[in-house]
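> Build me a structure from this.
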Amino acid sequence: MNKQKTTLGRTEIVTFPDLGIENIIAKIDTGAYSTAIHANKFWVETKEEIEELYFQLLDPSKDEFVNRIYKTANFYRKKVRSSNGRLEERYIIKTKIMLGGKLRTTNLSLTNREKMRYTVLVGRKVLAKGYLVDVSKNRQN
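Coordinates of the predicted model:
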């Protein structure tokens with residue numbers, strides 16, 4: 001049985017329903033392994049021996065931080081090599097992403113992307129689940 005793959009452009013509009021983030025322009029990057037979102041504030045608190053990650057995300061429509069503080073105990077830390085070649089420890093959360101009309105579960109890396117053009121970067125770990133990338137296409141509108 002041959003499953004049809006969804007063709008994506010070099011940018012796509014994505015939604016993170018679990019986070020309440022809709023219609024954000026993401027860069028599709030086959031050179032990146034994981035998917036990342038801009039977070040400037042994140043911290044861990046331990047309550048009754050359970051670690052909880054708190055984080056605040058950038059509101060893409062206003063270029064400012066959303067007042068909402070997210071909280072999850074479903075996270076881990078991982079060393080990730082960034083685009084500039086530096087190894088950095090990041091917090092990774094599991095969440096859903098709507099990409100190309102398909103809802104997928106992904107591990108989302110929280111990192112400071114303020115100097116990057118796109119708030120979200122979609123990496124090949126998600127793309128390997130039924131997508132093709134056509135760099136001549138650009139779906140940001």
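
> Give me the residues contacting the helix or strand containing residue 22.
Assigned by DSSP states H and E, residue 22 belongs to strand 21-28. Outside of strand 21-28, the residues within contact range by CB atoms under 8 Å, 6 or more residues apart in numbering are 8-16, 57, 60, 99, 116-122, 127, 133, 140. Any C-beta I mention is one placed from the backbone N, CA and C, and that applies to glycine too.

> Stretch 99-106 now?
Outside of stretch 99-106, the residues that reach it under the criterion CB under 8 Å, 6+ apart are 6-8, 12, 14, 17, 26, 35, 94-98, 122, 125-126, 129-131.

> ok, now stretch 40-51?
Here stretch 40-51 makes contact (CB under 8 Å, 6+ apart) with 52-56, 58, 65, 73, 75, 91, 110, 112, 114.

> Lowest-confidence entry in these?
Scanning the contacts of stretch 40-51 for pLDDT, the low point is residue 65. It has 53.

> worst-scoring helix or strand of this protein, pLDDT-wise?
The least trusted helix or strand in the chain, going by mean pLDDT, DSSP states H and E, turns out to be strand 64-65, with a mean of 54.

> partners of the next helix or strand after that strand in the sheet?
Towards the C-terminus, the helix or strand next in line after strand 64-65, according to DSSP H and E, is strand 70-72. The sheet places strand 70-72 alongside strand 50-59 (antiparallel), with pairing taken from DSSP bridges.

> mind saving the C-alpha coords of the partner strand as PDB?
This file holds the C-alpha atoms of strand 50-59, laid out as PDB (Å, rounded to 0.1, in the frame of the first residue of the first chain):
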ATOM      1  CA  ILE A  50       8.000  16.200  40.500                       C
ATOM      2  CA  GLU A  51       9.700  18.600  38.200                       C
ATOM      3  CA  GLU A  52       7.500  20.900  36.200                       C
ATOM      4  CA  LEU A  53       8.600  23.000  33.300                       C
ATOM      5  CA  TYR A  54       7.200  26.500  33.000                       C
ATOM      6  CA  PHE A  55       7.600  28.500  29.800                       C
ATOM      7  CA  GLN A  56       6.400  31.500  27.900                       C
ATOM      8  CA  LEU A  57       6.200  31.600  24.100                       C
ATOM      9  CA  LEU A  58       6.300  34.500  21.600                       C
ATOM     10  CA  ASP A  59       2.900  35.600  20.200                       C
END
